[in-house]
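Enquirer: sequence isn't available, so here's the structure alone:
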C-alpha cells in the first residue's frame with residue numbers, strides 16, 4: 001500500500017516522499033522523492049485521492065497537486081500564500097468543496113474554496129488571547145482545524161488559549177460562521193493540539209502541554225461540546241518531560257503519540273459514554289513521534305519519529321487494540337506527517 005511522507009529538511013533532501021507498505025509483512029520501502037519543496041509540515045488528500053495538498057513552513061504557502069493514479073506521482077496544479085506564519089494543519093470537507101488551514105504562529109485559520117485543485121482563499125479568522133503557560137501560551141496558537149464527519153461544523157483546537165472554537169459550515173458550502181456557543185474552554189495550561197471524531201456523538205482532543213486526552217460529547221444540532229473526561233497519555237510513574245502530539249481512532253480504540261516518553265498510548269472507547277479505558281503504552285522505537293497514521297484496513301500503524309529520522313511499523317491487534325513492533329523501519333530525514341493513498 002502506497003503512502004506519502006512530509007519532510008522538513010532542506011529542498012535537496014526533504015519535501016514529499018512516496019513509499020510503500022507491504023501488507024503481508026509490514027516491510028517498508030522508499031520509492032522516490034516526488035517533490036522537493038522545503039519544509040513540508042503537513043499533507044492531506046481529497047476524499048477521492050485525486051489531489052494532494054501540502055503546506056510549507058519555509059515560505060508559508062499551500063500547494064495542490066494532481067495525483068497520477070498509475071504510479072502515484074504528483075504534478076503541481078496551484079499554490080497560494082497563506083497570509084500567515086507556520087502552517088501546521090490541513091483538512092478538507094467530505095464533499096471536497098472547502099479546505100481549512102491552521103497557521104500556528106500568526107494566530108489565524110483560513111477557509112479555502114477548491115475545485116479541481118484550484119484554490120481560492122475565501123476567509124480568514126484571527127484569534128487573540130493567552131493562557132497560563134508563559135512560554136508556549138503567550139498568544140493564540142491554532143494547531144488544528146477539523147470538520148466533523150458530516151461537514152456541518154468545524155472545530156479549531158487553539159493550543160495558546162486552551163479553547164476549541166466552533167463554526168457552522170454555511171448552507172452555500174463556501175464559508176463558515178461562528179456557532180453559538182462560539183467556543184469551549186478546556187483546563188488552563190492543557191494546550192489542545194489535534195481533535196478527532198469517533199462518531200457523531202463523541203470526539204477527542206489531545207492536549208500537548210499536560211499530556212492528556214479530553215473526551216468530548218458533541219451536540220449535533222448546535223455543535224456544542226462537553227468535556228466528560230481527562231485522561232493521561234503517559235504512565236502515572238513517568239516523571240520526565242513529554243509533549244503529547246498526534247491522535248487517531250480505529251475501530252473502538254484511540255491511539256495517541258508521546259514525544260519524550262516516546263510511546264503510543266492505547267485506549268478502548270466505552271461505547272455507552274465515550275470515555276476512554278487505558279490499555280497500554282508502546283515504545284515507538286524512535287525519538288519524538290510527531291505524527292502517525294493507521295492504514296485504511298487497520299492492520300498497521302506507521303509512526304513518524306522526527307528526531308531519529310525514521311518511520312517505524314507496528315501491527316495492530318484488531319481485538320485488543322495492542323501494538324506489536326514488526327521490526328521494520330524506514331530512514332527518512334525529519335518525517336513530519338504520513339498520508340496513505
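Expert: Looks like it arrived, so ask away. Every value quoted in this text rests on a predicted model; they were computed, and no experiment measured them.

Enquirer: for residue 122, pull up the helix or strand it's in.
Expert: Per DSSP states H and E: residue 122 is located in strand 118-126.

Enquirer: in that strand, what's buried?
Expert: With burial defined by 16 or more other Cβ atoms under 10 Å, the residues of strand 118-126 counted as buried are 119, 121, 124-125. For the C-beta atoms, the positions are set from N, CA and C on the backbone; glycine is no exception.

Enquirer: for stretch 25-35, same thing?
Expert: 26, 28, 33-35.

Enquirer: how long is stretch 136-148 end to end?
Expert: 27 Å (Cα to Cα, to the nearest Å).

Enquirer: what's the average pLDDT for it?
Expert: Across stretch 136-148, the average pLDDT comes to 97.

Enquirer: about what we covered before: the helix or strand following the strand holding residue 122: how far from the chain's middle?
Expert: Using DSSP H and E, the helix or strand that follows strand 118-126 in sequence is strand 142-147. Averaging C-alpha positions (Cα atoms, centre = their mean, to the nearest Å) puts strand 142-147 8 Å from its chain's average.

Enquirer: got the angle between strand 142-147 and strand 118-126?
Expert: 120 degrees (axes from the mean of the first three to the mean of the last three Cα atoms, to 10 degrees).

Enquirer: neighbouring strands of the helix or strand that comes right after strand 142-147 in the sheet, and parallel or not?
Expert: Sequence-wise, the next helix or strand downstream of strand 142-147 (DSSP H and E) is strand 153-158. As defined by DSSP bridges, the strand partners of strand 153-158 come to strand 142-147 (antiparallel), strand 163-169 (antiparallel).

Enquirer: same list (the ones you listed) but as a markdown table, adding distance to residue 294 and mean neighbour count.
Expert: Below are these laid out as a markdown table (distance: least, Cβ to Cβ, whole Å; neighbours: other Cβ atoms under 10 Å):
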| stretch | distance to residue 294 | mean neighbour count |
| --- | --- | --- |
| strand 142-147 | 16 | 24 |
| strand 163-169 | 23 | 22 |
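
Enquirer: make CSV out of these and add distance to residue 329.
Expert: Converted to CSV, the strands paired with strand 153-158 look like this (distance: least, Cβ to Cβ, whole Å):
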stretch, distance to residue 329
strand 142-147, 27
strand 163-169, 35
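
Enquirer: out of these, nearest to residue 253?
Expert: strand 142-147 (19.1 Å; Cβ to Cβ).

Enquirer: what sits up against the closest one?
Expert: 88-89, 91-94, 98, 100-104, 107-109, 127, 153-160, 165, 169, 192-197, 208 (Cβ atoms under 8 Å, 6 or more residues apart in numbering).

Enquirer: one step back: starting at the chain centroid, how far to the strand holding residue 122?
Expert: On Cα atoms, centre = their mean, the centre of strand 118-126 falls 20 Å from that of its chain.

Enquirer: who does the closest residue to residue 226 other than its chain neighbours form a beta bridge with?
Expert: Distance criterion Cβ to Cβ, 6 or more residues apart in numbering; nearest residue to residue 226, sequence neighbours excluded, is residue 217 at 4.5 Å. Beta-bridge partners for residue 217, by DSSP bridges, are residue 202, residue 226.

Enquirer: what of residue 144?
Expert: Beta-bridge pairing of residue 144 under DSSP bridges involves residue 157.

Enquirer: could you measure from it over to residue 266?
Expert: To residue 266, residue 144 is 21 Å away according to Cβ to Cβ, to the nearest Å.

Enquirer: equivalent analysis for residue 324, please.
Expert: Between residue 324 and residue 266 the distance is 12 Å, computed by Cβ to Cβ.

Enquirer: which of these two has more neighbours?
Expert: Neighbours per residue, other Cβ atoms under 10 Å: of residue 324 and residue 266, the larger number sits with residue 266, 23 against 11.

Enquirer: just give the nearest non-adjacent residue to the more buried one, would you?
Expert: Distance criterion Cβ to Cβ, 6+ apart; nearest residue to residue 266, sequence neighbours excluded, is residue 279 at 4.3 Å.

Enquirer: so that neighbour makes contact with residue 264?
Expert: No: here residue 279 lies out of contact with residue 264, judged by Cβ atoms under 8 Å, at a distance of 10.5 Å.

Enquirer: more neighbours: those two, which one.
Expert: Counting neighbours by other Cβ under 10 Å for residue 279 and for residue 264 shows that residue 264 has the greater number, 24 against 17.

Enquirer: contacts only, for residue 281.
Expert: Counting by Cβ under 8 Å, 6+ apart, residue 281 touches 234-235, 258, 261, 263-266.

Enquirer: from residue 37, how far off is the residue nearest to residue 27 when sequence neighbours are not counted?
Expert: Excluding the flanking residues, the one nearest residue 27 by Cβ to Cβ, 6+ apart is residue 328, at 4.9 Å. As defined by Cβ to Cβ, residue 328 lies at a distance of 28 Å from residue 37.

Enquirer: do the same with residue 101
Expert: 16 Å.

Enquirer: please apply the same query to residue 197.
Expert: 30 Å.

Enquirer: kindly report the same for residue 20.
Expert: Counting by Cβ to Cβ, the gap from residue 20 to residue 37 is 22 Å.
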